[in-house]
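# Sequence and predicted structure below; questions after.
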Amino acid sequence: MVREAKAAGVPVVLGGPEPPSHAEEYLSCGADAIVVGEGEEAMEELALAFSASASPKLENVRGIVFRDDEGSVVRTAPRAFLADLDLLPMPQRDAIDLEPYLRVWKEHHGRSSLSLVCARGCPYHCDWCSHAVYGKTHRRRSPSNVASELEELCRRYRPDQVWYADDVFTIKPSWLFAYAEELGRRGLSVPFECISRADRLSEPVVDTLARMGCFRIWIGSESGSQKILDAMRRGVKVEQVQAATRLCQSRDIEVGMFIMVGYEGEEEEDLRATVEHLKKAGPDVFLTTVAYPIKGTGYYDKVRDRVGSSRAWELRSDRDLVIAGRHSRRYYEAAMKWIVSEVGFHRELHRSGFDVGRIFRLAKRGVRWAAGRVEMALRAGEVEG
């Protein structure tokens, strides 16, 4: 994309969580500037600079990385975070055609969906998570400001649901209560899903979510092993996740979980603890991934000396990195097959009612469960190198 833009004579500015940690590589690929942190004010200054000159002087633009006339990489002074998010204009959604997105969501999920963000930043310290854009801050838009955006979304696009893309939607209960009140005052009620943490889901919070129309909440469970959660610096207990799941489900809110395998220090007994945790918690759905090190995170620093890849930088992503000495990717693929199948078998076995198809579903999950365990045993000696 950089090459295409440069070939068309267009200046290229990159931002987000990854480019600042790989600034020199992106500049070598042709980017003119990398924005570090929030981009609105920096982008405004850069647009003015590039429109005024084909070879602008960028030294006075704070919060960027660029190459000077001698080819040296220059990092300017950092830019302060925006204090009042209400001062930002609403996203210009009419700049693109959203109808195809709404249609595809409807076709594949039965509901059309749009996203909005109420806050920036996460003050927690999970070791594998990047804070490259917003730091470890937490800043929220006012309830009335967010409600106005939702009102405009409903008026213009009429989505069947919305996705609140905040890192931790329920982090501040007083804000949530005020927002729910504002939606009620405006007569706004749209089904939604969001992400939170188990330790931010009290009864008043979950009751409010249910009244607002929350139909699913995602929790970063990550592991059923307390040892691994502590190593990740998650700051939660396994029992909290299980209790929060039951609480949400008691209010007819589905629970989704994110599960991560392959984190530093994890052994098979920790994987077994995750299986038992999922059985006990009983989330409606869970997604699995293999831990991967993002440059700039604590996890990356832990394994820095063992990180490698057989692919050139410009051809890979963080997920292509390997960590020398860790179990192979095929081992973790087998482990995820085992986890999904055993938990699915358990769920099917304890489901109420009976039908003929249940026998086949149990058999299918049982076979995959056994296959996963056998593959794990066969791959146990394989390590990344």
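Thanks, I have the structure now. Residues are numbered from 1 along each chain as shown.

# any idea how far Gly63 is from the residue nearest in space to the middle of the chain?
By CA atoms, centre = their mean, the chain has its centre lying nearest to Asp167, at 7.3 Å. Asp167 is 21 Å from Gly63, where distance means CB to CB, to the nearest Å. Yep, even glycine has a C-beta here, placed from its N, CA and C like the rest.

# Ile253 reaches Cys214, doesn't it?
Yes: if you go by CB atoms under 8 Å, Ile253 and Cys214 touch, sitting 5.4 Å apart.

# Between the two, tell me which one has more neighbours.
Taking neighbours as other CB atoms under 10 Å, Ile253 and Cys214 compare with Cys214 leading, 23 against 20.

# Show the pLDDT at that one.
As predicted, Cys214 sits at a pLDDT of 98.

# what's across from it in the sheet?
According to DSSP bridges, the residues that bridge with Cys214 are Phe192.

# picking that back up, so who does the residue nearest to the centre of the chain touch?
Contacts of Asp167 were listed using CB atoms under 8 Å, 6 or more residues apart in numbering, and they are Ala119, Gly121, Cys122, Ile195.

# What sits closest to Ser112 if chain neighbours are left out?
Leu102 (4.0 Å; CB to CB, 6 or more residues apart in numbering).

# ok, now how distant is the one you found from Ile96?
Following CB to CB, the distance that separates Leu102 from Ile96 is 12 Å.

# Now do the buried residues in stretch 361-375.
By neighbour count on 16 or more other CB atoms under 10 Å, the buried set for stretch 361-375 is Arg361, Arg365, Gly366, Arg368, Trp369, Gly372, Arg373, Glu375.

# In ChimeraX, how would I select the buried members of the contacts of Asp167?
Command for ChimeraX that selects the buried part of the contacts of Asp167, burial taken from 16+ other CB under 10 Å:
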select :119,121,122,195
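
# Now, the contacts of Asp167 that are in strands?
Ala119, Ile195 (DSSP state E).

# Widest-spaced pair of the contacts of Asp167?
Greatest spatial distance in these: Gly121 and Ile195, 13.8 Å, computed using CB to CB.

# Can you show me the strands along the stretch 51-200 of the chain?
Counting by DSSP state E, counting those that start in this stretch, the segments of the stretch 51-200 of the chain that form strands are 64-67, 73-75, 113-116, 119-120, 139-140, 161-164, 192-196.

# counting contacts, what elements does the fourth one pack onto?
So the one you mean is strand 119-120. Where contact means 3 or more CB pairs under 8 Å, 6 or more residues apart in numbering; DSSP states H and E, strand 119-120 is packed against strand 139-140.

# and if you look at the longest one?
In terms of contacts (3+ CB pairs under 8 Å, 6+ apart), strand 192-196 is packed against strand 161-164, strand 214-222.

# ok, then the element right after it?
For strand 192-196, the following helix or strand on the C-terminal side (DSSP states H and E) is helix 203-212.

# ok and that next one relative to strand 192-196, angle-wise?
With axes from the mean of the first three to the mean of the last three CA atoms, to 10 degrees defining the directions, helix 203-212 sits at 160 degrees from strand 192-196.

# How about residues contacting helix 203-212?
Here helix 203-212 makes contact (CB under 8 Å, 6+ apart) with 170, 173, 176-177, 180, 183, 189, 192, 194, 217, 247-248, 251-253.

# What residues of it count as buried?
The neighbour-count criterion (16+ other CB under 10 Å) identifies Val205, Val206, Thr208, Leu209, Met212 as the buried residues of helix 203-212.

# again with stretch 70-88
By neighbour count with 16+ other CB under 10 Å, stretch 70-88 contains the buried residues Thr76, Arg79, Phe81, Leu82, Leu85.

# The third one against Gly135, yeah?
Yes: A contact is recorded between Phe81 and Gly135 when judged using CB under 8 Å, the distance being 6.6 Å.

# and the residue nearest to the centre of the chain, backbone torsions?
For Asp167, the backbone dihedrals (degrees, to the nearest 10) come out as phi -60, psi -40.

# the domain parsing of this structure - what is it?
Following automatic domain parsing, one finds the domains of the chain at 2-75, 93-291, 327-385.

# Just tell me which of the ones you listed ends up closest to Ser309.
When those are compared by CB to CB, domain 327-385 sits nearest Ser309, at 10.1 Å.

# so Lys364 sits in a helix?
Yes: per DSSP: H, G, I helix; E, B strand; the rest coil, Lys364 lies within a helix segment.

# gap between it and Arg120?
Relative to Arg120, Lys364 is positioned 44 Å away (CB to CB).

# Over to Val343?
Counting by CB to CB, the gap from Val343 to Arg120 is 35 Å.

# out of those two, which sits in the busier spot?
Taking neighbours as other CB under 10 Å, Val343 and Arg120 compare with Val343 leading, 23 against 20.

# element containing that one, please.
Here Val343, judged by DSSP H and E, is contained in helix 329-349.

# Double-check that Lys227 belongs to a helix.
Yes: using three-state DSSP, the assignment for Lys227 is a helix.

# how many other residues sit next to it?
Using other CB under 10 Å, Lys227 has 14 other residues around it.
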